[in-house]
Structure formats: structure tokens, C-alpha cells
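Colleague: Any chance you could fold what I've pasted below:
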Amino acid sequence: MEKSKAIPQGYMTVGEVAKKMGVTVRTLQYYDREGLFSPSAESEGGRRLYTDKDVVKLHQILSLKHLGFSLSDIKNRLIPLDTPNEVAEVLAEQAAALRDKIEALTESLREIQALRSEVLQMQAVDFKKYADIIVNVQMKNNFYWLIKHFDEQTLDHIRSRFDRDSGLAFMDAFTRLQDEALRLLKAGEPPEGRQGQALAKAFWAMVTEFTGGDTSLLPKLMEIGQFKGTDNAWQQKQALVNRYIEPALGAYFSRLGINPFEEGCK
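Modeller: Reported below is the predicted structural model:
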């Protein structure tokens, strides 16, 4: 009887709130000390008392904590819960944060699955290549799977010449030039014509940027698209690109009086 008189109707003790929300009393006491979750009232005997509104606020705090926010971040994100619109806004923010978390977890799962697939295709344990693959997957470089086919000399060269931004810019240029080669092939533009030669010049500039003048890398670059185990669609695209690029480069080098591929194969 004394306890029921001490606890007014509509209020809960810290122990009752803790049990209701699946946390410890110590956690709620800590949140109180941090100024994050304080009781709405105290009983005559000095016991902390909470309301249903407090429970909703605690749910907001625990949800944000579960999503990885620090207590200081949570404190800044809390808003009053005095109107239906304010409660709805809290729920909308929590839903948005959950969606972000789901997207992040989905992306992490994609990265793990991609790395697992590449690891199973490689013939030996190579943590340097694993690291390169996961970095490129995170960069959303769709050509990450090529890494397993490159030898250490080529990979060391790539690591030394390209960072995240320049690597992405290079792959974007590579893709655009390939697409242009396919467009010219489909349009029936002659490789030795103006557009074909403009493409050849841009393509060779890209290759030169990649190699840094090291012609020993050229034969390895020529193997791209012929790697065993690559996707059939990739091989077919490379075959079409090469059908246009090779004669275009041949005409371009003929005009310049050079044959860098022959030099690189020596």
C-alpha cells in the first residue's frame, strides 16, 4: 500500500521502465547523469518517476544508439514530443536513419560477396590483391574483377601511379573511349577517318598515361579481354572495341612512323 501511494497513477519507476524497454537500470541512470534521459517527476520518497511519453523518448534514444549514433549526437537530434507532428517527425527521422543503415549494410554485404567470389577464383592467397579488390569494390569500380588477372609488376605500377580519384577518372575515360569506339563501329565510320583518328589519338594518350612511358606494360594491356574466366559479355565487347581500335591505332601509328606495340613486345 505504501508503494502504491508513493507512485502516482500514470507513472513508472526506473526499474519498471528498464524492464519494459529491455535495458538495465544502470543504463537509465547513466543517461540521466548525461542529461539525455531524465525522469519527469520524483515520488515523495525521492524515487525517479517516468511517463509513457518518457518511454517514447527512450525508444527514440535506443533506436538512434542502435544505429551507431554517439550520445552527444543523440542529444542534438532529440526533439520535443508535444504534438502529433513532432512525434511523426521523430518516427520519420528514425525510418530515414534505418534506411541509410540498411543501404550501408547492403553495400557491405555486396563488397563481402564480391571479394569472396574473387578469392575463390584466385589460385593462391594474396592479401595485397584482396586489399586492392575491396578498395576498388568500395570505389564502385566495375572493373575490380580484372585485378586478379594482373601480375605484381602491373599492380605495383597501378598502385604507384593512381590514387582513388585519378583511378576512377582513368576508368571513366577508358569506358567512354570504349563506348565511342563501339559507336563509330556501328555508324560505319572508317578507322582511318577523322573521327577514328581522333579516337585513336585520345586512346593512345590514355594508354600513355597508364604506362607512364613503360612500353613493357603494353603486351599485358593487349591481353585485356582475353583473360581466361572472364565474362562472355566482357569478351564480346572487347572484341568489338578491338575490331575498331586496332586498325585506328594502326593508321595513327603509321602516320607518326612508329610501332610502340612492337617495341613493347621486345
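Colleague: can you list the weak-confidence ranges in this structure?
Modeller: 1-6, 79-82, 139, 220-231, 261-266 (pLDDT under 70).
Colleague: in it, which spans are strands?
Modeller: For the chain, the strands defined by DSSP state E cover 12-13, 41-42, 48-50.
Colleague: Now the residue nearest the centre of the chain: closest residue in space that isn't a chain neighbour?
Modeller: Closest residue to the average C-alpha location of the chain: residue 138 at 4.0 Å, with Cα atoms, centre = their mean. Nearest non-adjacent residue to residue 138, counting by Cβ to Cβ, 6 or more residues apart in numbering: residue 111, 6.2 Å away. (Each C-beta comes from the backbone N, C-alpha and C, glycine too.)
Colleague: What's the separation between the one you found and residue 168?
Modeller: Look at residue 111 and residue 168: by Cβ to Cβ, to the nearest Å, they are 16 Å apart.
Colleague: Can you tell me which of the strands of the chain is nearest to residue 235?
Modeller: When the strands of the chain are compared by Cβ to Cβ, strand 48-50 sits nearest residue 235, at 65.9 Å.
Colleague: Give me the contact list for that closest one.
Modeller: 7-8, 11-14, 16-17, 32, 39-43 (Cβ atoms under 8 Å, 6 or more residues apart in numbering).
Colleague: And for stretch 251-259?
Modeller: Contacts of stretch 251-259 (Cβ under 8 Å, 6+ apart): 191-192, 196-197, 200-201, 204, 260.
Colleague: Can you tell me which of these are classed as buried?
Modeller: 191, 196-197, 200, 204, 260 (16 or more other Cβ atoms under 10 Å).
Colleague: out of these, what pair is the most spread apart?
Modeller: 196 and 260 (18.2 Å).
Colleague: and stretch 154-174, how far apart are its ends?
Modeller: Distance between the two ends of stretch 154-174: 17 Å, counting by Cα to Cα, to the nearest Å.
Colleague: Mind listing what's buried along that stretch?
Modeller: 154, 157-158, 162, 167, 170-171, 173-174.
Colleague: okay if I get the residues you listed as CSV plus distance to residue 86?
Modeller: Formatted as CSV, these follow (distance: Cβ to Cβ, whole Å):
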residue, distance to residue 86
154, 58
157, 58
158, 53
162, 50
167, 46
170, 50
171, 47
173, 50
174, 51
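Colleague: So which of those residues is the closest to residue 57?
Modeller: Using Cβ to Cβ, those come closest to residue 57 at residue 167, 46.5 Å.
Colleague: The closest one is in contact with residue 140, isn't it?
Modeller: No - contact criterion Cβ atoms under 8 Å: residue 167 and residue 140 do not qualify, at 11.4 Å.
Colleague: returning to that earlier point: columns distance to residue 180 on top of the buried ones among the contacts of stretch 251-259, output as CSV?
Modeller: Listed next are the buried ones among the contacts of stretch 251-259 as CSV, based on distance: Cβ to Cβ, whole Å:
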residue, distance to residue 180
191, 12
196, 10
197, 12
200, 11
204, 14
260, 21
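Colleague: Looking at those, spot the one nearest residue 56.
Modeller: The closest of the buried ones among the contacts of stretch 251-259, once distances to residue 56 are taken by Cβ to Cβ, is residue 204, at 65.4 Å.
Colleague: which residues does the closest one contact?
Modeller: Counted by Cβ under 8 Å, 6+ apart, residue 204 has contacts 249, 252.
Colleague: How about the contacts made by the residue nearest to residue 138?
Modeller: 134, 137-138.
Colleague: how deep is residue 254 tucked in, by neighbour count?
Modeller: For residue 254, the neighbour count with other Cβ atoms under 10 Å is 11.
Colleague: make that residue 123, sorry
Modeller: Neighbour tally, residue 123, other Cβ under 10 Å: 6.
Colleague: Report the separation between it and residue 161.
Modeller: Where residue 161 is concerned, residue 123 sits at a distance of 26 Å (Cβ to Cβ).
Colleague: before we move on, what about residue 256?
Modeller: 24 Å.
Colleague: Give me the phi and psi angles of the closest residue to residue 100 other than its chain neighbours.
Modeller: Of all residues not flanking residue 100 in the chain, residue 67 sits nearest, at 8.0 Å (Cβ to Cβ, 6+ apart). The phi/psi pair for residue 67 (degrees, to the nearest 10) reads phi -80, psi 0.
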